[in-house]
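Enquirer: Build the 3D model from these lines:
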Amino acid sequence: MADFQDSADPIDGDPFAAPVRLARPARHSVPFIFASPHSGRCYPASLLAKSRLDPLTLRRSEDAYVDELFGGVTALGAPLLAAQFPRAYLDANRGSTELDRAMFDSPLPVPVDRPGPRVVAGLGVIPRIVRDGAEIYRGKLAGAEAQTRLTGLYTPYHQALAALIAETRARFGIAIVIDCHSMPSALAVPDVVLGDRYGASAGAGLTARAEAAFAGAGFSVARNTPYAGGHTTVRYGRVDEGCHVLQIEINRALYLDEEHVTKRPGFMILRARLERVMAELVALPLSSIGPSLPEAAE
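Expert: So this is what the prediction gives:
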């Protein structure tokens, strides 16, 4: 998987042309799938034209370079799916109906839920604000924008993830999604936060193995606080059906200059540490994870 330019400026490009990148291993030999919904950095010109914010401020909402941090998992036999589009434009870790009608100048041609706390806060599937609480747009968006972004970006991402899950379950009888994120260091968080929705989205053995692997590698680890899991854990975490989803949040201070959105000198060292932790995790015996479907023949 090719690395992206390390720059504080957005990457020029049209995310609609290729909404996702999928890096496959030479052989899919473990029932794990890694996904990065927030590391996309192909910013549409239309977003930059409509935004009241400078490009660097927009980029601070990214889980910047998380796809690269976890890039070594393909050598462990697991695929890695990454969104190309930026989180400030479309958040794939939200429900498709988490929309704020007040952001648009006309009725929305898509289903919309009653506003929940995330939408009210400006963090719906089409965000109103960025990390620091700054408003993204100068004015209201056209109602058709919602359908365009959901159809062209959100749907391809979730179709790709759902297809990987189905493929993995057919091959191994179980699928384990590791949802990869990073978190602002200003929250005084530990090095790593594991989110399994308090046991609802992943088997206890999987979360315990992940916690032990991170701790053994010298990371400070917390469970479910302050991040218990987003839409991906809710949508796909079906432990009784053999689909487990564990969210992993990495403290950005470990690898990122958060103000300039550039890699710190220790980036590759952290990547190597994460690959060793993931190697231990993917070696977990399936019988110790939790309920699964009968194992399928390869």
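Enquirer: Just give the closest residue to Y198, not the sequence neighbours.
Expert: Using CB to CB, 6 or more residues apart in numbering and skipping residues adjacent in sequence, the residue nearest Y198 is N224, 5.6 Å away. (C-beta placed from N, C-alpha, C; glycine too.)
Enquirer: what's the answer for D14, then?
Expert: P44 (6.5 Å).
Enquirer: again with S51
Expert: Closest to S51 by CB to CB, 6+ apart is I136, at 5.4 Å.
Enquirer: and that neighbour, how many neighbours?
Expert: 22 (other CB atoms under 10 Å).
Enquirer: again, but for the one 4 residues further on
Expert: A count of nearby residues for K140, using other CB under 10 Å, gives 13.
Enquirer: Is V221 in contact with P190, as I believe?
Expert: Yes - counting by CB atoms under 8 Å, V221 touches P190, with 6.1 Å between them.
Enquirer: between the two, who's got more neighbours?
Expert: V221 (18 against 15).
Enquirer: which ones are touching that one?
Expert: 190-194, 211, 214-215 (CB atoms under 8 Å, 6 or more residues apart in numbering).
Enquirer: so V234, which of the three states?
Expert: The assignment at V234 comes out as helix when based on DSSP: H, G, I helix; E, B strand; the rest coil.
Enquirer: For it, which residues are in contact?
Expert: Neighbouring residues of V234 by CB under 8 Å, 6+ apart: 95, 197, 201.
Enquirer: Highest neighbour count among those?
Expert: S201 (27 neighbours).
Enquirer: Shouldn't that residue be within a helix?
Expert: No - S201 is assigned coil when assessed by three-state DSSP, not a helix.
Enquirer: who touches it in this structure?
Expert: Per CB under 8 Å, 6+ apart, neighbours of S201: 195, 229, 233-234, 236-237, 239, 244-247.
Enquirer: That one: what's its closest spatial neighbour, skipping adjacent residues?
Expert: G237 (2.6 Å).
Enquirer: if I read this right, that neighbour contacts H231, doesn't it?
Expert: No - in this structure, G237 is not within contact of H231 by CB under 8 Å, at 10.4 Å.
Enquirer: With neighbour numbers in mind, choose between the two.
Expert: Looking at G237 and H231 with other CB under 10 Å, you find the greater number of neighbours at G237, namely 23 against 19.
Enquirer: who's in contact with the more buried one?
Expert: Per CB under 8 Å, 6+ apart, neighbours of G237: 177, 196-197, 200-202, 229, 243-245.
Enquirer: Make a ChimeraX selection of the buried ones in those residues.
Expert: Listed next is the ChimeraX selection for buried residues among these, using 16 or more other CB atoms under 10 Å:
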select :177,196,197,201,202,229,243,244,245
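Enquirer: Was I right to think V20 contacts L80?
Expert: No - in this structure, V20 is not within contact of L80 by CB under 8 Å, at 10.6 Å.
Enquirer: what about the two, which has more around it?
Expert: L80 (25 against 22).
Enquirer: Spit out the contact partners of L194.
Expert: L194 makes contacts with 207, 210-211, 214, 221-224, 246-249, as judged by CB under 8 Å, 6+ apart.
Enquirer: ok, now M278?
Expert: So M278 contacts 34, 70, 72-73, 76, 78, 178 (CB under 8 Å, 6+ apart).
Enquirer: Let me see the ranges of the strands in the stretch 101-250 of the chain.
Expert: Under the criterion DSSP state E, counting those that start in this stretch, strands of the stretch 101-250 of the chain are mapped to 175-183, 192-195, 221-223, 243-251.
Enquirer: Can you report how many residues neighbour A283?
Expert: By other CB under 10 Å, 11 other residues sit near A283.
Enquirer: so what pLDDT did it get?
Expert: pLDDT, A283: 96.
Enquirer: Residue ranges in the stretch 1-150 of the chain under the pLDDT threshold?
Expert: 1-12 (pLDDT under 70).
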